[in-house]
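**Q** sequence below, structure please.
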Amino acid sequence: MTNARIAMLLTAALLCAAPVIHAQTSTTSTTATSAGGKSYEVEVGAGHQWIDTKIDLRAGEKLHLTATGSVTYPAGPSSKPPARSFGPGGIARGWADLVHQYAVSDGGHGALIGRLGTGEAAQPFLVGAATDFEAPVAGRLFLGLNQSAKDAAAAQGSFHVKIEVLDPGASTPEAVAVGGPAETRIDSITPALLDEIPRRVTDPQGNPGDMVNILIVGAQEDLVKAFQSAGWVQVDRGVQETVVAGLLDSFTKKDYLTMPMSTLYLFNRPQDYGFAHAEPVRVVMSRNHLRVWKSPYTAGGQPVWCVAATHDIGFDRDQRNNGITHKIDPAIDGEREYVNDTLSSTGLVVQRGHATPANPLTEARTATGGTFHSDGRVLLLILKSAAAAR
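**A** Prediction:
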């Protein structure tokens, strides 16, 4: 069953990608509430995947969203499937939905969803008929439907959304910084500490591979929370876990994103964590992924975690054994900044910056033989401490 499952995902991955439907503007009305705040009313047409509400939020701004209305997917050829009408909660996920690209993987098909910003790092969230939302960072609010481009091309109807501001958030410079904190110098990561960090990881045979391109400072629980909040999933460590997770995700009709990644080494031991961020249909051949090691060093009294992040973009020949392996995007700085954007958008990064080591790595080959290039900089992220908050 596992082979059939992987084959199904691979077949879907090789299909032509659906065209991107860009966000459209909408008519947004604004009124004052009796509590002195604001409320907005937005019409979200079913023919677009994303609608620009023209509402800019501050970090910490709290909203209550309620939605009414109906959307219909017309009947297919020969009435298969039949016409389906549904409300803001969408249609319950079925087996066929496993091979579709929906922004919120565990949300209903066609459900009302939202996100802050338009970039690839923006993490969509489920709205449904009603939800409360607190903006983790400043950004523009977009609303849409949890559907494919093909769905949007034929969908009819709309959802009417009322957005009430429960708390306008703070007016500090930090609260209005779009996408997270502004880049600053991070003094706790000294040049001496940076020189202690190996530039590359190795495979089990000791062959040098991916670049260590990110350092994260924070407690273990804060590290895991930041990745999970940003939509990254922890990757299975082995085949047995893959089989179990695949079956469970199939039975719950969720997209399977946790296919295992190979084991690499830093500080003479395998990675402590593997995280992936991918479109469900393309997970077999294309995903953002990274490995994390806890270093023996600290900064500001907190552990320093080393990250090697790359972007799988297809398949390639493993030059060590002529087998099949994933091919990474050789411009690895793009993946470094993708991690930067996704984690910073959670509100759990309190400081971020870049540093260039004394011996920067700018060009090299992976352990499987693929080439990559970089500007040599390392991303530095300082996480908010949950312990301090408690």
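**Q** what's the neighbour count on the closest residue to Ala230 other than its chain neighbours?
**A** Excluding the flanking residues, the one nearest Ala230 by Cβ to Cβ, 6 or more residues apart in numbering is Thr342, at 4.1 Å. C-beta: built from backbone N, CA, C; applies to glycine. Counted with other Cβ atoms under 10 Å, residues neighbouring Thr342 total 23.
**Q** where does Thr342 sit: helix, strand or coil?
**A** helix (DSSP: H, G, I helix; E, B strand; the rest coil).
**Q** so for it, what's the pLDDT?
**A** Model confidence at Thr342, given as pLDDT, is 95.
**Q** quick one: it from Asp375, how far?
**A** From Thr342 over to Asp375 the distance is 20 Å, taken as Cβ to Cβ, to the nearest Å.
**Q** pop out the phi and psi values for Glu335.
**A** Per-residue torsions, Glu335: phi -70, psi -40 (degrees, to the nearest 10).
**Q** wait, isn't it in contact with Thr342?
**A** No: Glu335 is not in contact with Thr342 according to Cβ atoms under 8 Å; the separation is 10.6 Å.
**Q** which residues does Pro303 form a beta bridge with?
**A** Thr298 (DSSP bridges).
**Q** close enough to count as contact, it and Trp293?
**A** No: Pro303 lies out of contact with Trp293 (Cβ under 8 Å); the separation is 10.6 Å.
**Q** more crowded one of those two?
**A** Remark: of Pro303 and Trp293, Trp293 carries more neighbours, 23 against 17, as counted by other Cβ under 10 Å.
**Q** the more buried one: what secondary structure?
**A** strand.
**Q** contact partners for it?
**A** Contact partners of Trp293, counting by Cβ atoms under 8 Å, 6 or more residues apart in numbering, are 201, 266-267, 269, 271-272, 305-307.
**Q** could you rerun that using 6 Å?
**A** Counting by Cβ atoms under 6 Å, 6 or more residues apart in numbering, Trp293 touches 266, 271-272, 306.
**Q** and it, how close does it get to Ile214?
**A** 11 Å.
**Q** can you check Val292 too?
**A** Where Ile214 is concerned, Val292 sits at a distance of 9 Å (Cβ to Cβ).
**Q** which stretches of the stretch 51-200 of the chain form strands?
**A** Secondary structure of the stretch 51-200 of the chain (DSSP state E, counting those that start in this stretch): strands located at 62-73, 84-86, 112-116, 125-126, 130-134, 139-145, 156-167, 200-202.
**Q** and the first one, which strands flank it?
**A** What that stands for is strand 62-73. Looking at strand 62-73 with DSSP bridges, its partner strands are strand 84-86 (antiparallel), strand 130-134 (antiparallel), strand 156-167 (antiparallel).
**Q** cool, the shortest one as well?
**A** With DSSP bridges as the criterion, the sheet partners recorded for strand 125-126 are strand 112-116 (antiparallel).
**Q** quick one: end-to-end distance for stretch 46-53.
**A** 15 Å (Cα to Cα, to the nearest Å).
**Q** what does the average pLDDT come to for that stretch?
**A** In the prediction, stretch 46-53 has an average pLDDT of 92.
**Q** please apply the same query to stretch 380-390.
**A** Computed over stretch 380-390, the average pLDDT equals 80.
**Q** which stretch of helix or strand covers the most centrally placed residue in the chain?
**A** Centroid check for the chain by Cα atoms, centre = their mean gives Gly231 as the closest residue, at 4.3 Å. Under DSSP states H and E, no helix or strand contains Gly231.
**Q** what's the answer for Lys225, then?
**A** helix 220-229.
**Q** who touches Tyr265 in this structure?
**A** Tyr265 neighbours (Cβ under 6 Å, 6+ apart): Thr202.
**Q** on that earlier part again, note down every partner strand of the helix or strand following the helix holding Lys225 and its orientation.
**A** Counting by DSSP H and E, the element after helix 220-229 in chain order, helix or strand, is strand 233-234. Paired strands of strand 233-234, with direction, are strand 273-277 (antiparallel) (DSSP bridges).
**Q** how far is the partner strand from where the chain is centred?
**A** Offset of strand 273-277 from its chain centre (Cα atoms, centre = their mean, to the nearest Å): 10 Å.
**Q** please apply the same query to stretch 138-154.
**A** For stretch 138-154 - counting by Cα atoms, centre = their mean - the centre lies 16 Å from the chain centre.
**Q** and it, what's buried?
**A** 138-148, 151-152 (16 or more other Cβ atoms under 10 Å).
**Q** could I get those as CSV with distance to Pro181 and pLDDT?
**A** Below are these laid out as CSV (distance: Cβ to Cβ, whole Å; pLDDT from 0 to 100):
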residue, distance to Pro181, pLDDT
Ala138, 11, 96
Gly139, 13, 96
Arg140, 18, 97
Leu141, 20, 97
Phe142, 22, 97
Leu143, 26, 97
Gly144, 27, 96
Leu145, 32, 96
Asn146, 30, 94
Gln147, 34, 91
Ser148, 35, 87
Asp151, 37, 90
Ala152, 35, 92
